[in-house]
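**Student:** Fold the following for me, if possible:
(one chain, ligands or ions: 1)
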Amino acid sequence: MKTTLIKEAQRVLNVNYKEKGYSIPCKGLYPFQWLWDSGFIAIGFAHYDMPKAKNELTTLLSAQWANGFIPHIVFHEVSETYFPGPNYHRADLHPLSNKEYPSTGMTQPPVIGFVLEKIYQIAENKADVLNFIKENIGKIYNNHLYFYTNRDPKNEGLVYIYHNWESGTDNSPMWDGIWATMNSPEYSFERRDTAIVDVSQRPSKREYDHYLHIVEIAKKHNYNDQKIAELSPFLIQDPLFNSMLIKSNSSLIELYKIIGDNDDKIAQLQKWQEKSITSFNHKLFDPELGAYIHYDLRNEKPIRMVSSSSFAPLYAGIPSKEQAKELVNTMLTKFGGKGMYLCASFDPTSEHYNPKKYWRGPVWINLNWLLYYGLLDYEYNNIAQKIKSDSIEIIEKVGFYEYFDPRKSEYNNKTKGYGGSNFSWSAALLIDLINN
Ligand code: GLC
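**Tutor:** Take a look at the predicted model:
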């Protein structure tokens, strides 16, 4: 059974891999290279085709900007099935943007640091992968330097995101309050996503107006970070995003130790790390909710809701043992009800929860993967195993979809997953979960 599943996962990855050496998340809906998707995909490839894993990261990093920034989408091909494309985003307006690869002017969760460590752990030929890491680690270090220099206006060790598309959890109810503060124009544009996926599973037209409005503001100022920090109506310290950065800092420290001769970099990373973790626990932990929360930097207020992102700090070693215990308790009481697969992307006890809609409730395999390893690190082995077996079970039942209904009752013979099918990171991370 497991071997068939792994074969099927490899088939999905192989189909989505393009000649130029990168993978699309899935056909039709997402026809380009996405930052954090590529990271997760590389982990899957590392288990059976290391050259592809390396290519995946090489193509992504070749689109890096001169200031260390790595864009969230790299538009390697022209495509008619995607809006908004490169001519809308106009990343070239930024003076330091990459002139060779058209991209967006926003980024995504900084996973590549820990992906490098992960592929090193998976590698049979350690020397070969270490050489690859030596060639590329400086780029990731520069990327982190970019974040701490440009995305932390109050020097707190916590970086902001200026767009919901930077969060990776694009349509989370976390952002609803921000949309309510915005008075975006009604844009006229042609959505392409809803021609491919049922409207009930995707964001609304009005939400898209807000998404575009933020890009308009950023473009007006040529994607200047200071201007964005000053003017973007969306400015959030996101616990998932910051956890990815902190985990990646740790991985860079470990890798630099293996490489040797980089004491200055290690010292700087450790400095960032201490400050970030202290602020994170001080500012983003909500003892009453027993969870980490998002902070709205624009309107200076915490967003007191719980999502699967609230537990991601487990993966980065951020919570104390006591905090971890509270997190697990919150996860089990709110998300772990009878008849529920772990882990819904949004609090199932909330009025904003929607088990079918994008990041408003469905299970996502990448979040499950992070939680699985995070729970293992804190020695919650049983819950970790449950997240792993739930992930495998839903994929076995319906296939490699983009997201899944958390309610077990929904899975009968006719049930399908939601969003895109033959979805790369669901396949890649399943391979890693099974092999672990
Ligand atoms: C959606 C997801 C985002 C992902 C992208 C490509 O926009 O919200 O996290 O990177 O699809 O798969």
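**Student:** which ones are touching the residue in the chain that the ligand sits nearest to?
**Tutor:** Nearest residue of the chain to the ligand (Cβ to the nearest ligand atom) works out as residue 25 at 3.4 Å. Every C-beta, even on glycine, is put in place using the N, C-alpha and C of the backbone. When contacts are counted by Cβ atoms under 8 Å, 6 or more residues apart in numbering, residue 25 is found next to 16, 34, 37, 402, 420, 423, 424, 425.
**Student:** Report pLDDT for it.
**Tutor:** Per-residue confidence (pLDDT) for residue 25: 98.
**Student:** show me the contacts for the residue nearest to it when sequence neighbours are not counted.
**Tutor:** Counting by Cβ to Cβ, 6 or more residues apart in numbering, residue 37 is the residue found nearest to residue 25 once chain neighbours are left out, at 4.7 Å. For residue 37, the contact set (Cβ under 8 Å, 6+ apart) comprises 23, 25, 30, 424, 425.
**Student:** How about residue 85?
**Tutor:** Neighbour list for residue 85: 75, 79 [criterion: Cβ under 8 Å, 6+ apart].
**Student:** How about the helix or strand containing residue 370 and the ligand, any contact?
**Tutor:** Residue 370 is part of helix 365-377, with elements assigned from DSSP states H and E. No. Counting by Cβ under 6 Å from any ligand atom, the ligand has no neighbours in helix 365-377; the shortest distance is 7.7 Å.
**Student:** mind checking the backbone torsions on the nearest residue to residue 239 once chain neighbours are set aside?
**Tutor:** In space, residue 239 comes closest to residue 292 once its chain neighbours are excluded; the distance is 4.2 Å by Cβ to Cβ, 6+ apart. Main-chain torsions, residue 292, degrees, to the nearest 10: phi -80, psi 150.
**Student:** now residue 255
**Tutor:** Note on residue 255: its backbone torsions stand at phi -70, psi -40 [degrees, to the nearest 10].
**Student:** repeat for residue 163
**Tutor:** Phi and psi for residue 163, reported as degrees, to the nearest 10, are phi -150, psi 150.
**Student:** And the helix or strand bottoming out on mean pLDDT in the chain, what's buried?
**Tutor:** In the chain, no helix or strand scores lower on mean pLDDT, DSSP states H and E than helix 193-196, which sits at a mean of 88. With burial defined by 16 or more other Cβ atoms under 10 Å, the residues of helix 193-196 counted as buried are 193, 194, 196.
**Student:** gap between that helix and the chain center?
**Tutor:** Put simply, helix 193-196 sits 22 Å off its chain's centre (Cα atoms, centre = their mean, to the nearest Å).
**Student:** Check whether that helix comes near the ligand.
**Tutor:** No. Using Cβ under 6 Å from any ligand atom, helix 193-196 stays clear of the ligand, coming no nearer than 8.9 Å.
**Student:** Run through who's touching the next helix or strand after that helix.
**Tutor:** Next helix or strand after helix 193-196 toward the C-terminus (DSSP H and E): helix 205-220. With contact meaning Cβ under 8 Å, 6+ apart, helix 205-220 is reached by 84, 88-90, 93, 105-106, 162-165, 171, 178-179, 182, 184-187, 189, 191, 203, 228, 231-234.
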